[in-house]
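Participant: Got a predicted structure plus its sequence, pasted below:
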Amino acid sequence: MAAGGAWLLAVARVPLYALGVPDLRIRRTVRRAAPRWTSAALAAGLAAALTASGAAPVQAAVTSWSAAASPAGPWSPAAQEPAASAPAAARSIRLGGIALRRCATTPVTFCGHLAVPLDYASAASPQIRIGFRWLPATRRAEGTVLAVEGGPGFATTGSQDDYLPDIGPLHRTRSLLLVDLRGTGTSTPIDCPGLERAGSHQSGPQFNRLVGACGAQLNHEWRYRGGGWVHASEDFNTAYCARDVERVLRALRMGRVDLYGDSYGSWFAQVFASRYPGQLRSVTLDSTYQVLGLDPWYSTTVITARRAFDAVCRRSVACAAATRGPAWVRIAELARRLARAPVSGETTTADGSRGRLTVTVETLVNLVNNAGFDPVVYRDLDAAARALLHHHDAAPLLRISALSLGFDDTNYPLPEFSDGLYFAVGCTDYVQLFSRSAPFAVRRAQYRAALRREPKRTFAPFSLARWTSLDQYTEAYSGCLRWPSPRRRHRPITRRPPLRPAGDAGQHDSCGRARRQQRLRLVDLSALRLPSPRPRYREHLLRAAGDAGAHRRLVSAAPGRRRSRHCGPGRRRRAPRASGRHRSARERG
């Protein structure tokens, strides 16, 4: 239990194929996309968290709704009817103090927005719009699930079709509130044309100039009332995002909510729980990483990758039968082979056409990082390495590289993803290898000095130069060098964080421990083993989450005894969408 009485759940996930679950259709993800485990597993985790909370149902504010024309008002007995009784034909309702309009009928969805200050530190600040969607429970509501997307930069409302199957049968008794964080989706999205059109060249000095130009653009976009420009490059920070969401909850009179965040959404959830614990009944962290104590090198990414590739090969019947020794040894051999001579050839690209591709060591660095959220790379890279090394067949490596770069390393267009918001948050909140307050020349010198100090084998078999030149949307090692310096410090966490995350070996972005003094009860779904590889695994997961005995086995009775693991994020990923729409430059996956 966290401060303020909120229960906290950390979801730790492994690839489906590694568990022996039939993978009928592996869906490719896009950059920064932390795949949610499965809808059933997440529903199981949420059910476990809500069962653990043991809180009385929150009905009054959450289920209260009324037709906008109702003279009784939102707090009348008529307004306390179950959400399912809301007429689907109602064009508008009033929830708390905000009038919402119906924006979809299947499922019934109401949309609204709230005006908030761009700069909370100034009474003369201009206002920005925070958009959200509310999906009432299909039966009598007992509370609300508040979902927040990752990235940072993805629109939460754009993932509505993912969240509904995620919460599964919980939607019968839980309404679903989707809030777009500032700078995303329907909440004053940041549009930096240079970054939006950068294409696949997303690292290096020219790309860093585009990032800096985005920050400069934000600082000349809004003005204070009767005054000068708002230094808005620092105003899309996570602390302000949390304040926005708290205002939305108060305006809607939601009472305590069950907060779910994945990837950066889980980072946001920790910040929100630290600042506004009284608004929460439970918190579920999916693909999480800690807010405090981050290593600016994120060196645990490669540490976890070494262990994870080995684990995946051991769990694969085909890989285990065809190989001897650790999988990472073969990846290291592949890195040395590509360093001597990159591989070029024709292959099938992400859009199904034929194209020519060159695979370099830098390509392999991105593949290793992409594996943290793309199980196809875990599954196929070892076999592709063996094909090249032992049989001089480059086709498998070319194919997996083309698919991963085409799906994993491309961006959704606005409004689904904001490239500018990604850096507005990352360059303001995330730890860097240089001082944010220093001018560019000093930052560059500090960055180069950090490279010289770091042990050369930190990311072996990859050199420091090659590892840090990876896609800057994976880790922005140099990406923020030209971002404008902040005028104020915006601390994401104002007290001890509610959780030190714990996760599975197969993920790059979860590790650590929950400490006894933090009074947390940690539900680790990686400990849940499926009784058979049959398609009925959803029922097994849901039954385990609902069973008191299974729940006791999942809940850590003494979290302080968990082994500590040094951890870095490998962060900012989001879930695959079911949609198959494509754009030529930025594939949707």
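Facilitator: That came through, no problem.
Participant: So the closest residue to Phe459 other than its chain neighbours, which state does it fall into?
Facilitator: Distances taken as CB to CB, 6 or more residues apart in numbering put Trp467 closest to Phe459, at 4.0 Å, once the chain neighbours are dropped. (Each C-beta comes from the backbone N, C-alpha and C, glycine too.) Secondary structure assignment for Trp467 (DSSP: H, G, I helix; E, B strand; the rest coil): helix.
Participant: show me what contacts Trp467?
Facilitator: Counting by CB atoms under 8 Å, 6 or more residues apart in numbering, Trp467 touches Val302, Val365, Thr458, Phe459.
Participant: Touching, the second one and Leu464? I think so.
Facilitator: Which is Val365. No: contact criterion CB atoms under 8 Å: Val365 and Leu464 do not qualify, at 11.2 Å.
Participant: which other residues reach stretch 478-488?
Facilitator: So stretch 478-488 is in contact with 121, 203, 207-209, 211-213, 215-216, 219, 231, 233-234, 423, 426-428, 432, 434, 436-440, 443-444, 447, 468, 472, going by CB under 8 Å, 6+ apart.
Participant: Would you mind giving me the ChimeraX syntax to select the buried ones in those?
Facilitator: Those of these that count as buried under 16 or more other CB atoms under 10 Å are selected in ChimeraX with:
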select :203,207,208,211,212,213,215,231,233,234,423,426,427,428,432,434,436,443,444,447,468,472
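Participant: tell me the contacts of Ala147?
Facilitator: Thr156, Ser159, Tyr163, Asp166, Leu176, Leu177, Leu178, Tyr260, Gly261, Gly265.
Participant: sorry, back to before: from the contacts of Trp467, which would you call buried?
Facilitator: Val302, Val365, Phe459.
Participant: and which of those is nearest Thr105?
Facilitator: Ranked by distance to Thr105 (CB to CB), the buried ones among the contacts of Trp467 are led by Val365 at 47.0 Å.
Participant: Now do that closest one against Trp467, distance only.
Facilitator: 6 Å (CB to CB, to the nearest Å).
Participant: Could you do Gly420 as well?
Facilitator: Relative to Trp467, and taking CB to CB, Gly420 is found at 25 Å.
Participant: quick one: the strands in the stretch 101-250 of the chain?
Facilitator: Ranges of strands within the stretch 101-250 of the chain are 108-117, 127-135, 143-148, 174-179, based on DSSP state E, counting those that start in this stretch.
Participant: As TSV, those with mean pLDDT would be great.
Facilitator: As requested, the strands of the stretch 101-250 of the chain are exported to TSV (pLDDT from 0 to 100):
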stretch	mean pLDDT
strand 108-117	97
strand 127-135	98
strand 143-148	95
strand 174-179	97
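Participant: Nearest to Ala318, out of these?
Facilitator: strand 143-148 (37.2 Å).
Participant: what's the neighbour count on the closest residue to Gly194 other than its chain neighbours?
Facilitator: Leaving aside its chain neighbours, Gly194 sits nearest to Leu210 (4.1 Å; criterion: CB to CB, 6+ apart). Burial measure for Leu210: 22 neighbouring residues, criterion other CB atoms under 10 Å.
Participant: out of the buried ones among the contacts of Trp467, which are inside helices?
Facilitator: Judged by DSSP state H, these include Val302, Val365 as members of helices.
Participant: low-scoring stretches of the stretch 1-150 of the chain, by residue?
Facilitator: The model of the stretch 1-150 of the chain has pLDDT under 70 over residues 1-45, 47-89.
Participant: Could you do the chain as well?
Facilitator: Low-confidence segments of the chain, defined by pLDDT under 70: 1-45, 47-89, 495-589.
Participant: Okay, strands next: where are they in it?
Facilitator: 7-11, 92-95, 98-105, 108-117, 127-135, 143-148, 174-179, 257-262, 280-286, 343-348, 354-359 (DSSP state E).
Participant: Tabulate these (JSON lines), appending distance to Tyr412.
Facilitator: Output for these, formatted as JSON lines (distance: least, CB to CB, whole Å):
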{"stretch": "strand 7-11", "distance to Tyr412": "23"}
{"stretch": "strand 92-95", "distance to Tyr412": "29"}
{"stretch": "strand 98-105", "distance to Tyr412": "20"}
{"stretch": "strand 108-117", "distance to Tyr412": "20"}
{"stretch": "strand 127-135", "distance to Tyr412": "17"}
{"stretch": "strand 143-148", "distance to Tyr412": "17"}
{"stretch": "strand 174-179", "distance to Tyr412": "16"}
{"stretch": "strand 257-262", "distance to Tyr412": "16"}
{"stretch": "strand 280-286", "distance to Tyr412": "19"}
{"stretch": "strand 343-348", "distance to Tyr412": "22"}
{"stretch": "strand 354-359", "distance to Tyr412": "21"}
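Participant: quick one: which of those strands is nearest Trp328?
Facilitator: Short answer: strand 354-359, nearest of the strands of the chain by CB to CB, at 18.4 Å.
Participant: any idea of the angle that closest one forms with strand 343-348?
Facilitator: Put simply, strand 354-359 runs at 150 degrees to strand 343-348, going by axes from the mean of the first three to the mean of the last three CA atoms, to 10 degrees.
Participant: what does strand 354-359 contact?
Facilitator: Applying CB under 8 Å, 6+ apart, the external contacts of strand 354-359 come out as 338, 342-349, 394, 397-398, 401-402, 405.
Participant: Repeat the analysis, applying 10 Å as the threshold.
Facilitator: 334, 338, 342-349, 363, 367, 384, 388, 394, 397-402, 405-406 (CB atoms under 10 Å, 6 or more residues apart in numbering).
Participant: For that strand, output the C-alpha coordinates as CSV.
Facilitator: Taking Å, rounded to 0.1, in the frame of the first residue of the first chain, the C-alpha atoms of strand 354-359 are listed here in CSV:
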residue,chain,number,x,y,z
ARG,A,354,11.7,-5.0,-52.4
GLY,A,355,14.5,-2.7,-51.4
ARG,A,356,18.2,-2.6,-50.8
LEU,A,357,19.6,-2.4,-47.2
THR,A,358,23.0,-2.3,-45.6
VAL,A,359,23.3,-3.8,-42.1
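Participant: Can you give me the buried ones in it?
Facilitator: In strand 354-359, counting by 16+ other CB under 10 Å, buried: Leu357, Val359.
Participant: Now do the helices in the stretch 351-500 of the chain.
Facilitator: Assigned by DSSP state H, counting those that start in this stretch, the helices in the stretch 351-500 of the chain fall at 361-370, 375-391, 395-407, 419-429, 440-453, 464-468.
Participant: Now render the ones you listed as JSON lines, adding distance to Trp297.
Facilitator: Putting the helices of the stretch 351-500 of the chain into JSON lines (distance: least, CB to CB, whole Å) gives the following:
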{"stretch": "helix 361-370", "distance to Trp297": "13"}
{"stretch": "helix 375-391", "distance to Trp297": "22"}
{"stretch": "helix 395-407", "distance to Trp297": "23"}
{"stretch": "helix 419-429", "distance to Trp297": "15"}
{"stretch": "helix 440-453", "distance to Trp297": "8"}
{"stretch": "helix 464-468", "distance to Trp297": "9"}
